[in-house]
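[1] Here is my input, please return the structure:
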Amino acid sequence: MTVARVNSYTKASCLLNMTQSAVSMQMKRLEEQTGNLFIKQGKSFSISPTGERLLEHAVRILKAHDDALSVIANPDIYDHIRIGSPELYASSFLPNALRRFYSRYPNSRIDFSTYMKETMLRKIDSGDLDIAICADMPEPFEKIYTEKVVWVASRCMCATKMNPLPLAVYPEGCHIRKWSINALEEAGIPYRIAFVATSVFALLSAVRAGIAVSPVGVSRVLGDEGVYTRLTNMPPLPDNTLSIVTSQNLRSQSAQTLITFIREEFMHRAKML
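    Just a heads-up that it's a prediction; the model follows:
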């Protein structure tokens, strides 16, 4: 690469801090394997078509070499972080945090998954996740976000006229599902499970279709008043809280930076509610 850049063995030897004979010997051995890499033109020379092809690979080879050394010398800059989150917050709350993170650690890798809370906690305990954003966590976990849970129906209000009341809810084990069923039973409102999904977007599709009502975090329906109606005559539900849970072995500075950005983003969104 250096000889091709300066078109001179003498100049290349100075730049590489090598003797000219050493540079010539290495180039001779390389050309024995590849063919002529340069074309002589009087006292100077130019790169040959074979040399051009090899040069393209040489650039990538040396970059890979330098990247490998940088990973070893600066592990935090090239970190690999595994994070889990509820789907709702992954799509709406995390983009700004991720943008800020990658502007500081552009060569890092994040493996992102959306799981139910129990699955995330198991993966944190087993070391298969580094960071998890979990709802309804007990003390002493830090609460980074709190929002109201509201009942929503479609604008046509079809589902609210049905008896028993059809519900669109998350699978068994979801705390919001448990809250909503307990609230309906305490209020004496008959209900039936009409639609079950792991995705908030799927739940809201059932609501839009008019086949069910659903309890969801208020942030998901803000600005969609023309699509959904909040039901104020339904029994109130507890606020949903989120906490950050981390693996005991999490030590990297880049991961701590990502946690800070996530915390700041959720706190900023909470002030906007």
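
[2] pretty sure T229 is in contact with W151, am I right?
    No - counting by Cβ atoms under 8 Å, T229 sits too far from W151 to count as a contact (9.3 Å). Just so you know, the C-beta spots here come from the backbone N, C-alpha and C atoms, and that holds for glycine as well.

[3] ok, these two, which is more surrounded?
    W151 (25 against 18; other Cβ atoms under 10 Å).

[4] Dihedrals phi and psi, that one?
    Per-residue torsions, W151: phi -90, psi 130 (degrees, to the nearest 10).

[5] go on, C134?
    Backbone dihedrals for C134, given as degrees, to the nearest 10, come out at phi -120, psi 140.

[6] for it, which residues make a bridge with it?
    Beta-bridge pairing for C134 (DSSP bridges): S243.

[7] can you map out the strands along the chain?
    Secondary structure of the chain (DSSP state E): strands at 38-41, 44-47, 80-84, 109-113, 131-135, 143-147, 149-154, 165-169, 191-196, 214-217, 228-230, 240-246.

[8] winner for burial among those strands?
    Of all the strands of the chain, strand 214-217 has the most neighbours on average by mean count of other Cβ atoms under 10 Å, namely a mean of 25.

[9] rewinding a little: tabulate the strands of the chain (CSV), appending mean pLDDT.
    Listed next are the strands of the chain as CSV, based on pLDDT from 0 to 100:
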stretch, mean pLDDT
strand 38-41, 85
strand 44-47, 83
strand 80-84, 92
strand 109-113, 91
strand 131-135, 93
strand 143-147, 91
strand 149-154, 95
strand 165-169, 96
strand 191-196, 97
strand 214-217, 94
strand 228-230, 92
strand 240-246, 93
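
[10] Please render the ones you listed as TSV that adds distance to S92 to the earlier fields.
    TSV is the format used below for those (distance: least, Cβ to Cβ, whole Å):
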stretch	distance to S92
strand 38-41	57
strand 44-47	52
strand 80-84	16
strand 109-113	14
strand 131-135	12
strand 143-147	11
strand 149-154	16
strand 165-169	19
strand 191-196	22
strand 214-217	10
strand 228-230	15
strand 240-246	13
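
[11] Please state the offset of the longest helix along the chain from the chain centre?
    Criterion DSSP state H: the longest helix present in the chain is helix 49-73. Distance of helix 49-73 from the chain centroid (Cα atoms, centre = their mean, to the nearest Å) equals 29 Å.

[12] orientation of that helix relative to strand 80-84 in degrees?
    70 degrees (axes from the mean of the first three to the mean of the last three Cα atoms, to 10 degrees).
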